[in-house]
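1. Pasting the sequence and the predicted coordinates here, then a few questions.
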Amino acid sequence: MPLKQLLILRHAKSSWDDSARADFDRPLAPRGLKTAPLIGREIALRGWLPDLALVSPALRTRDTWRLVAAELPGPTPAQFAEELYEAAPAAILARVRQARATCLLVIGHNPGLQHFALRLAGPGSDESVFKKIETKFPTAALARFTLDEDWANLDFGGARLTHCVRPKDLG
């Protein structure tokens, strides 16, 4: 069975300018419009090319995906998954278990994504990367995991956390 990769991306910085707008409909802020393509270019540069993206249907996550996808070398299918909107770790895990991909990208929200990443990290994880995520998983942060088993068998503690890339790491 080939090594699988799981990329967990928190949506880019969103705008709070319109207080009348529902949370689900908040767009990206200017900073988010700048950082999402940076993360997309970094994913491409490192060769962590997803063959499937699972994206929360909120506007800020869809916009993050659009800007990331534009930086990837080829088309990547995306599924907009209602259950990822403000999801708890168990709901994210349940959705990931349904995946059919070698490299899966999940785009969602905190605090669920950060807690999911921390609970997913198991033996062989990079301790310094774990501490970085434990301290803060900012907007447009990307965590990379590897695993040797089928998605359906994935459980908390069942993947190796290898990297965390934040926009501030990219200059």
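-> Right, received. Where do you want to start? Numbering: from 1, shown residues only.
2. Can you get me a residue count around residue 31?
-> 15 (other Cβ atoms under 10 Å). In this view, the C-beta of every residue, glycine as well, is placed from N, C-alpha and C.
3. Excluding chain neighbours, give the residue nearest to it in space.
-> In space, residue 31 comes closest to residue 13 once its chain neighbours are excluded; the distance is 4.3 Å by Cβ to Cβ, 6 or more residues apart in numbering.
4. residues in contact with the one you found?
-> By Cβ atoms under 8 Å, 6 or more residues apart in numbering, the contact list for residue 13 reads 28-29, 31-32, 35, 139-140.
5. if you set the cut-off to 10 Å instead, what comes out?
-> Contacts were defined as Cβ atoms under 10 Å, 6 or more residues apart in numbering; by that measure residue 13 touches 28-36, 60, 64, 138-140, 167.
6. Using CSV, write out the CA atom coordinates for stretch 7-26.
-> Output in CSV follows, covering the C-alpha atoms of stretch 7-26 (Å, rounded to 0.1, in the frame of the first residue of the first chain):
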residue,chain,number,x,y,z
LEU,A,7,-2.7,18.0,4.5
ILE,A,8,-4.7,20.0,6.9
LEU,A,9,-5.2,23.7,6.0
ARG,A,10,-6.9,26.3,8.1
HIS,A,11,-8.7,28.8,5.9
ALA,A,12,-6.8,32.0,5.2
LYS,A,13,-7.5,35.2,7.2
SER,A,14,-11.2,36.2,6.9
SER,A,15,-12.8,39.6,7.2
TRP,A,16,-14.9,40.8,10.1
ASP,A,17,-15.7,44.2,8.4
ASP,A,18,-19.4,43.5,7.9
SER,A,19,-21.0,42.7,11.3
ALA,A,20,-24.3,42.0,9.6
ARG,A,21,-22.9,39.2,7.5
ALA,A,22,-23.4,35.7,8.8
ASP,A,23,-20.2,33.8,9.9
PHE,A,24,-20.7,31.3,7.1
ASP,A,25,-20.6,34.1,4.5
ARG,A,26,-17.5,36.0,5.7
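7. Relative to the whole chain's centre, how far out is stretch 125-139?
-> 14 Å (Cα atoms, centre = their mean, to the nearest Å).
8. Please identify the buried residues of that stretch?
-> 125, 129-130, 132-133, 137, 139 (16 or more other Cβ atoms under 10 Å).
9. Where do the strands of the chain begin and end?
-> 4-10, 52-55, 78-80, 103-108, 142-147, 160-165 (DSSP state E).
10. so where is the chain shaky, pLDDT-wise?
-> Along the chain, the parts satisfying pLDDT under 70 run over 1-2.
11. If we use 50, what do you get?
-> Filtered on pLDDT under 50, the chain yields no residues whatsoever.
12. what comes up buried for stretch 32-49?
-> 32-33, 35-40, 42-43, 48-49.
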